[in-house]
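Enquirer: here are the coordinates; sequence isn't available:
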């Protein structure tokens, strides 16, 4: 039952996203979700970005590692936009504006995310201070003077 | 009948855990030393009953007894036998039962084999083990009964096809043995605090147990990474998924612990810190269990979603961690810290190792829990993933590697900076040459892979240095263990950096007969064929792969349509060469006569897991060396003069 529900939820979530973007593959156009971009530099940028964008229906995985249809759509959007000349950060900003900050694995630099960097820094500082106290520097000081 | 027998055995085991706690607590006092002989039998019989209970659950899964709710919800009669059995722990209740079964066996093992620990400390340790077990028995019996019955079900719902893999048979049991094995460290720490017995002798008694648990954790994480790599079909080997982080955090704490316990055993330093780490390591195991089992996360790993159970585990967590920390705070005054260290000494390097491992642990913990906390308090949803962890923990890990390179070259007590410099010089030269070559030849590969490969080269040379000019036949086994484990770190980091820097990817849409390049290979799409599987239907792409003018070979990635539950999975074709892996998958659908091929050439990616295996092997050699030396020493002391 759980699996049916998950499947159903995935389909319901995926369907409007596809419709809104109107990016259903037309027979003439190549399927950008799966085919590498011709320009290797742009392809590399696109791949790097895909590693950092969350597949919003699978939750644990980036869009670069998911079989979900929506992940395929998001890969297609990323390739299309980067192929059209946008920078990865512009594409990321566009995805964030559409899906929310949750879609980006790179946490935004804001006051509310500051603890992510401050907590480890504080731990390192306290640890170093404790370490310095545990060491005896007498011998080295004695040697110098 | 089997289910009821299993449930009864679980109740008996819980009652015995209570007896173990009460008897142990009473016998800790020297006044009631006569009670001590009763603890070991209680611990052994408890393990026996919980093992019986676990085997009963395996039996109902193997027999596909659909009158048991858990089997009906998670199994299917058409599943191959190995997945019926491994499916026992592919769900919430079953995996929790496996958790307490391992806990019971760990307690019995301590009761039977621990000889070096002072009698009162051992009794207190077993009482603590009983206390942990009791809480988790209560959790199973009150909130997660695996043997509950259901009527009127003819066929089961089936198991998630991603879990229908030999990986499920081995990965969770090893990981759990590591997670739960850390309970030994926790109980030893509690026992030592209660009986005021923190010192080198205690450290030497505790060391084999934490080494054993650490080996299992290392194997579990390595195997899990490879499982994700081949089963998800996208070539990723680590996602910084919270569930992966949940297994990494106890490993980081345990790695710090096996180093600090050496300082305690050798130099009688870091007493309070070692106790703290022992509490921390198992706390991280329980936090991991909470994250995975409570449904607080939603990911492929969280197959249980029930907030009530989450609350129960959270309460257990608060009781155990809170209790241990309170005990620590009460007794820490009586644990003196021992001597101070010289800045140029092996113990100073080990303290620096502990500092960095702890900070990395805090980074992983912050990155895993902060998004949950933020969402809980403000409702704002953010994601913390690879960009954060790589950029914050990556540099710390590389500094840690450099300290690891130097540490074993330093002498205990005090050393001279000039001598250290002379000893590390060859490794530094090799590292510098590697860096120069990479900059000159490899092109832009990114800062982290660049320094990763440099540090790997440096560490590889430095890690074998402790064997330099030594009589190799008289070098103790645990020194070999350390050398191999440190070398394994270099190997693994080389694999990670190489995968990050040199992976080639080519995604193409091909018609039958077309050829496409990937790395040094040319792949020709020869066609498709249908194959029946035991409980799925497979569509197999036949790919002819040739390297240069060499003889072509066939690789056959599959699409598997499972029936119960209905789900399409992508089964990669992977071929291993000495210098990397070729990884091919086929897309889900045909688009105007073309099939999608995803092709990756991943140079030296296998080193990631080879390194992990070496780290575990190093741990096993160290364990063997320690245990053998203890037995040998014991025999010599005990022998008549």
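Expert: Everything's here; your move. The model shown is predicted, which means the values in this text are computed figures rather than measured ones.
Enquirer: how about residue B:77, secondary structure?
Expert: What DSSP: H, G, I helix; E, B strand; the rest coil gives for residue B:77 is coil.
Enquirer: and for the closest residue to residue B:477 other than its chain neighbours, the neighbour number?
Expert: Distances taken as C-beta to C-beta, 6 or more residues apart in numbering or on different chains place residue B:625 nearest to residue B:477, at 3.0 Å, with adjacent residues excluded. Placement of C-beta: from N, CA and C, glycine included. Counted with other C-beta atoms under 10 Å in any protein chain shown, the neighbours of residue B:625 add up to 18.
Enquirer: spell out which residues of the stretch 351-500 of chain B are next to chain A.
Expert: B:351-352, B:355, B:358-359, B:362-363, B:366-367, B:370-371, B:374, B:378, B:380-388, B:392, B:414 (C-beta under 8 Å from any C-beta of the partner chain).
Enquirer: buried sites along the helix or strand of chain B with the lowest mean pLDDT?
Expert: Ranked by mean pLDDT, DSSP states H and E, the weakest helix or strand in chain B is helix B:607-638, scoring a mean of 85. For helix B:607-638, a neighbour-count test (16 or more other C-beta atoms under 10 Å in any protein chain shown) marks B:607-627, B:630 as buried.
Enquirer: and what of stretch B:592-612?
Expert: B:594-612.
Enquirer: and chain A, which of those reach it?
Expert: B:596, B:598.
Enquirer: the domain parsing of chain B - what is it?
Expert: In the domain annotation for chain B, the residue ranges read B:1-164, B:200-214+B:225-318+B:328-413, B:416-503+B:607-641, B:506-603 (automatic domain parsing).
Enquirer: nearest residue to the middle of chain A?
Expert: Nearest to the mean C-alpha position of chain A, by C-alpha atoms, centre = their mean, lies residue A:52 at 2.1 Å.
Enquirer: can you give me the end-to-end span of stretch B:595-612?
Expert: 36 Å (C-alpha to C-alpha, to the nearest Å).
Enquirer: who touches residue B:501 in this structure?
Expert: Applying C-beta atoms under 8 Å, 6 or more residues apart in numbering or on different chains to residue B:501 gives the contacts B:442, B:445, B:446, B:449, B:450, B:453.
Enquirer: burial measure for the second one, as a count.
Expert: What it means is residue B:445. Count around residue B:445 with other C-beta under 10 Å applied: 17.
Enquirer: helix, strand or coil for it?
Expert: coil.
Enquirer: correct me, but it touches residue B:502?
Expert: Yes - applying C-beta atoms under 8 Å, one finds residue B:445 in contact with residue B:502, separated by 7.3 Å.
Enquirer: what's the spacing between residue B:393 and residue B:238?
Expert: 12 Å (C-beta to C-beta, to the nearest Å).
Enquirer: what does residue B:412 give?
Expert: 36 Å.
Enquirer: and for residue A:111?
Expert: On the measure of C-beta to C-beta, residue A:111 and residue B:238 end up 30 Å apart.
Enquirer: more neighbours, the two?
Expert: In terms of neighbours (other C-beta under 10 Å), residue B:238 is the more surrounded of residue A:111 and residue B:238; the figures are 19 against 6.
Enquirer: pretty sure that one sits against residue B:225.
Expert: Yes - with contact defined as C-beta under 8 Å, residue B:238 counts as touching residue B:225 (5.9 Å).
Enquirer: which one is the residue nearest to the centre of chain A nearest to, not counting chain neighbours?
Expert: residue A:105 (4.6 Å).
Enquirer: now do the residue in the stretch 351-500 of chain B that chain A sits nearest to, the pLDDT please.
Expert: Closest residue of the stretch 351-500 of chain B to chain A, C-beta to the nearest C-beta: residue B:385 (2.7 Å). Listed pLDDT for residue B:385 reads 92.
Enquirer: number of residues surrounding residue B:148?
Expert: Residue B:148 has 13 neighbours, counted by other C-beta under 10 Å.
Enquirer: for it, give me its contacts.
Expert: Residue B:148 neighbours (C-beta under 8 Å, 6+ apart): B:68, B:69, B:70.
Enquirer: please apply the same query to residue A:127.
Expert: B:355, B:358, B:359.
Enquirer: neighbour-wise, which of these leads?
Expert: residue B:359 (26 neighbours).
Enquirer: the residue nearest to residue B:477 against residue B:483, yeah?
Expert: No - using C-beta under 8 Å, residue B:625 is not in contact with residue B:483; the gap is 11.7 Å.
Enquirer: re earlier: which of the residues of the stretch 351-500 of chain B next to chain A fall within helices?
Expert: B:351-352, B:355, B:358-359, B:362-363, B:366-367, B:370-371, B:374, B:378, B:386-388, B:392 (DSSP state H).
Enquirer: buried subset of those residues?
Expert: B:351-352, B:355, B:358-359, B:362-363, B:366-367, B:370-371, B:374, B:386-388, B:392.
Enquirer: now, the most widely separated pair of the residues you listed?
Expert: Spatially, the most separated pair among these is B:351 and B:374, at 33.2 Å (C-beta to C-beta).
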